[in-house]
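Colleague: Provide a 3D model corresponding to the input given below.
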Amino acid sequence: MASSHSPNEILTAWTISHGNLRRFFEDTALPPLDEQAQEAAGEAAAEAAVHSAFGLELAAYSRGVDAVSGAYEAAGAHHVSAPDPDVPQQEGVAAFFDVDNTLIQGASLIMFAIGLAKRHYFSTRDLLPFVWKQLKFRIRGSESKADMAKGREQAMEFIKGRDVDELVALCEDIVDENIPAKIWPETSELAAMHLAAGHQVWLVTATPVQLAQIIAKRYGMTGALGTVAEVKDGTFTGRLVGDILHGPGKSHAVAALSTIEGLDLSRCTAYSDSINDIPMLSMTGTAVAINPDVALRREAKRRGWEVRDYRSIRKLALRVGLPAAVVALVAGAGWSVQAKSHRK
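Modeller: Residues are numbered from 1 along each chain as shown. Prediction:
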């Protein structure tokens, strides 16, 4: 049957009906998201993305972002050293090095504290808790998470209200005075090997970020992530920014760094001596245990990770007077044999 309405009347009715239907869905069935709902939806999407990419909760990843941002701010740039212009850079590839007992012998925070005490930055009595923790570290060969956290809290109190530039200048003196004698040359050569291959090289450590960045700069490394103390108007507030970079805190920061720097973690390598760094070691394509504690040695064997132990080589060198070049050659040969055995 023919319609009794004109085309214009039909079009008008359809438009009104369509508008009513749209309002029904918007206002009743599918109401628009308010600001709070949109924020919750965004967080849920970000949570899912972070968990899928790194297996982390969004809050942990956010603390990692804060740590990386704090490290950039402390350095005044994203990187403390520019890459060699003659070396083609491998985009997306990096090596992450722990510091204590991996790059240097002993604990960098204790070295730092002793250096500050020698310069009358604080009293010998204040230093005693640090010395006690260093003795336990030497005897047990591993770190206590509780001691590390307490040490960071004490360190924050020590520097509260202090001038940042003054502390950085003292750090530079302490590094130049102590690091050359404490460095593991074999680990330093590994870092140099990565740089020569066009890889980024980052220190990832619980030690104060300013100290870590000075070490990184002295050895031409890309940068350093460390424990970040909040700065306001050129002085330390005594508050922490992001995580203490110990244990899981390192993996949070590395995840954030990989996003910001465009790194492919499956092509990256992590080095550490401590079982506490399993979260960081297990998130990269290659993990290497350097001078491992007993627990990490056991775990590295279980997972098929390479192990490089320079302590026995160093003891042999001291006993028979081997030159440094021979020590490095022996270490390299041991690495080559271990690497071949894992590839079979």
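
Colleague: Val99 and Ile215: what is the separation?
Modeller: Distance, Val99 to Ile215, using C-beta to C-beta, to the nearest Å: 7 Å. Where you see a C-beta, it was placed from the backbone N, CA and C, and this is true even at glycine.

Colleague: quickly list what's touching both of the two.
Modeller: 108, 203 (C-beta atoms under 8 Å, 6 or more residues apart in numbering).

Colleague: what comes up buried for the helix or strand hosting Met193?
Modeller: Following DSSP states H and E, one finds Met193 within helix 185-196. Neighbour-count burial for helix 185-196 flags 185-188, 190-191, 194-195 (criterion: 16 or more other C-beta atoms under 10 Å).

Colleague: that's a strand at Ala270, yeah?
Modeller: Yes: according to DSSP: H, G, I helix; E, B strand; the rest coil, Ala270 belongs to a strand.

Colleague: now it, which residues is it bridged with?
Modeller: As for beta bridges, Ala270 partners with Phe96, Ala287 under DSSP bridges.

Colleague: wait, it touches Met280, no?
Modeller: Yes: contact criterion C-beta atoms under 8 Å: Ala270 and Met280 qualify, at 5.3 Å.

Colleague: give me the common contacts of these two.
Modeller: 96, 204, 254.

Colleague: out of the residues you listed, who has the most neighbours?
Modeller: In terms of neighbours by other C-beta atoms under 10 Å, these top out with Phe96 at 31 neighbours.

Colleague: can you pull the contacts of that residue?
Modeller: Neighbouring residues of Phe96 by C-beta under 8 Å, 6+ apart: 202-204, 250, 254, 268-271, 280, 284.

Colleague: dump those into JSON lines; add pLDDT and distance to Glu299 as well.
Modeller: Converted to JSON lines, these look like this (pLDDT from 0 to 100; distance: C-beta to C-beta, whole Å):
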{"residue": "Trp202", "pLDDT": "98", "distance to Glu299": "22"}
{"residue": "Leu203", "pLDDT": "98", "distance to Glu299": "22"}
{"residue": "Val204", "pLDDT": "98", "distance to Glu299": "18"}
{"residue": "Lys250", "pLDDT": "96", "distance to Glu299": "16"}
{"residue": "Val254", "pLDDT": "97", "distance to Glu299": "18"}
{"residue": "Cys268", "pLDDT": "98", "distance to Glu299": "19"}
{"residue": "Thr269", "pLDDT": "98", "distance to Glu299": "17"}
{"residue": "Ala270", "pLDDT": "98", "distance to Glu299": "13"}
{"residue": "Tyr271", "pLDDT": "98", "distance to Glu299": "14"}
{"residue": "Met280", "pLDDT": "97", "distance to Glu299": "13"}
{"residue": "Thr284", "pLDDT": "98", "distance to Glu299": "15"}
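
Colleague: just to revisit the earlier point, just the CA coordinates for the helix holding Met193, please, in CSV.
Modeller: These are the backbone C-alpha positions of helix 185-196, laid out as CSV (Å, rounded to 0.1, in the frame of the first residue of the first chain):
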residue,chain,number,x,y,z
PRO,A,185,88.4,-5.3,35.1
GLU,A,186,86.7,-8.3,33.5
THR,A,187,83.3,-6.8,34.1
SER,A,188,84.5,-3.4,32.8
GLU,A,189,85.7,-5.2,29.7
LEU,A,190,82.3,-6.8,29.2
ALA,A,191,80.7,-3.3,29.4
ALA,A,192,83.2,-2.0,26.9
MET,A,193,82.4,-5.0,24.6
HIS,A,194,78.7,-4.0,24.6
LEU,A,195,79.6,-0.4,23.8
ALA,A,196,81.8,-1.5,21.0
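
Colleague: same question for that helix, mean pLDDT?
Modeller: Helix 185-196 carries an average pLDDT of 97.

Colleague: who are the packing partners of that helix?
Modeller: strand 94-97, strand 200-208, strand 269-272, helix 324-343 (3 or more C-beta pairs under 8 Å, 6 or more residues apart in numbering; DSSP states H and E).

Colleague: Phe274: how many residues sit nearby?
Modeller: Let me fix one detail, which is that residue 274 is Ser and not Phe. Neighbour number of Ser274 under other C-beta under 10 Å is 24.

Colleague: and the pLDDT for it?
Modeller: Reading off the confidence values, Ser274 has pLDDT 95.

Colleague: coming back round to it: between the shared contacts of Ala270 and Met280, which is closest to Ile114?
Modeller: Nearest to Ile114 out of the shared contacts of Ala270 and Met280 is Val204 (C-beta to C-beta; 23.1 Å).

Colleague: show me the contact partners of stretch 63-83.
Modeller: 56, 89, 195, 198, 209-210, 213, 216-217, 220-226, 228, 230-231, 241-243, 245, 249, 251-257, 260-261.

Colleague: show the buried residues in these.
Modeller: Applying 16+ other C-beta under 10 Å to those flags 56, 195, 209-210, 213, 216-217, 221-226, 228, 230-231, 241-243, 245, 249, 251-257, 261 as buried.

Colleague: alright, calling it a day.
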